[in-house]
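> have a look at this prediction, sequence included:
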Amino acid sequence: MQTFPGERLEPLLRHQDIQTRVQSLGKRITLDYTGKELLLVGILKGSFVFMADLIRSIDLPLAIDFMAMSSYGAATKSSGVVRILKDLEQGVDGRHVLVVEDVVDTGLTLNYIYGHMRSRGAASVKICSLLDKPSRRQVAVPLHYKGFEIPDEFVVGYGLDVDERYRNLPDVSRLIRE
Ligand code: 5GP
């Protein structure tokens with residue numbers, strides 16, 4: 001894979017290990033929701049690759065939808081202000097919602113989404129994130145299903161980007177700027 005000038009990638013999670021973990025998450029979700037219908041809500045754009053693999057490892061009737069949130073700048077970070085850029089197309093009232101995220105960092109985005117889903121009358125709301133950076137957390141969020149805990153490093157690949165690049169890489173890699 002060609003990197004951009006001044007950037008280097010160091011693999012952190014290999015594609016095969018990600019696949020193995022996603023399969024086991026899917027099995028657990030299948031068991032936990034047996035007899036129920038699921039609505040998986042992917043948070044765009046970073047979760048789309050994870051979401052695509054995850055739904056194929058879940059053996060239940062399910063529907064999917066997506067939301068996009070504003071990325072907040074330094075000024076709004078501490079206040080926890082998060083804005084919806086693209087809302088759901090389906091109602092969540094009475095449904096079992098599983099929010100699918102790429103990485104939980106400060107927790108501000110998921111904290112907002114979690115409260116939002118509950119206030120819209122979902123029967124249940126759980127969160128599934130591929131990656132977790134616990135050392136960066138500012139607000140506690142219930143992380144029901146987690147792929148991997150990673151150190152406080154900026155990562156790309158498997159859907160995650162920097163300036164829209166590297167989403168197509170099969171591995172998750174550290175981005176090193178030289
Ligand atoms: P939080 O509200 O938890 O701070 O924000 C989580 C969001 O920040 C993720 O959905 C993702 O968009 C972005 N983010 C956090 N850490 C990383 C990272 O290491 N790499 C990339 N590409 N995005 C990240």
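Looks like it arrived, so ask away.

> can we go C-alpha only for contacts and neighbour counts from here?
Will do.

> just the strands in the chain please.
Using DSSP state E, the strands of the chain run over residues 7-13, 38-44, 62-69, 84-86, 96-104, 124-132, 145-149, 155-156, 172-177.

> who does the shortest one touch, helix- and strand-wise?
Looking back up the chat, that one is strand 155-156. Packing partners of strand 155-156 (3 or more CA pairs under 8 Å, 6 or more residues apart in numbering; DSSP states H and E): strand 172-177.

> now swap in the fifth one and tell me
Counting contacts by 3+ CA pairs under 8 Å, 6+ apart, strand 96-104 packs against strand 38-44, strand 124-132.

> find the residue at the geometric middle of the protein.
Centroid-nearest residue in the chain: E101, 1.2 Å away (criterion: CA atoms, centre = their mean).

> am I right that it is in contact with K126?
No. Between E101 and K126 there is no contact, the gap being 11.1 Å when judged by CA atoms under 8 Å.

> spit out the residues that contact the two alike.
Counting by CA atoms under 8 Å, 6 or more residues apart in numbering, E101 and K126 have no shared contacts at all.

> near the ligand, which residues of the chain show up?
Within the chain, the residues that sit near the ligand (CA under 6 Å from any ligand atom) are 46, 102-109, 153-156, 160-162.

> ok, residues contacting the longest helix anywhere in the chain?
Using DSSP state H to define each element, the chain has its longest helix at helix 15-32. By CA under 8 Å, 6+ apart, the list of residues contacting helix 15-32 from outside reads 50, 53-60, 145-147, 170-172.

> since that was my last question, I'll sign off now.
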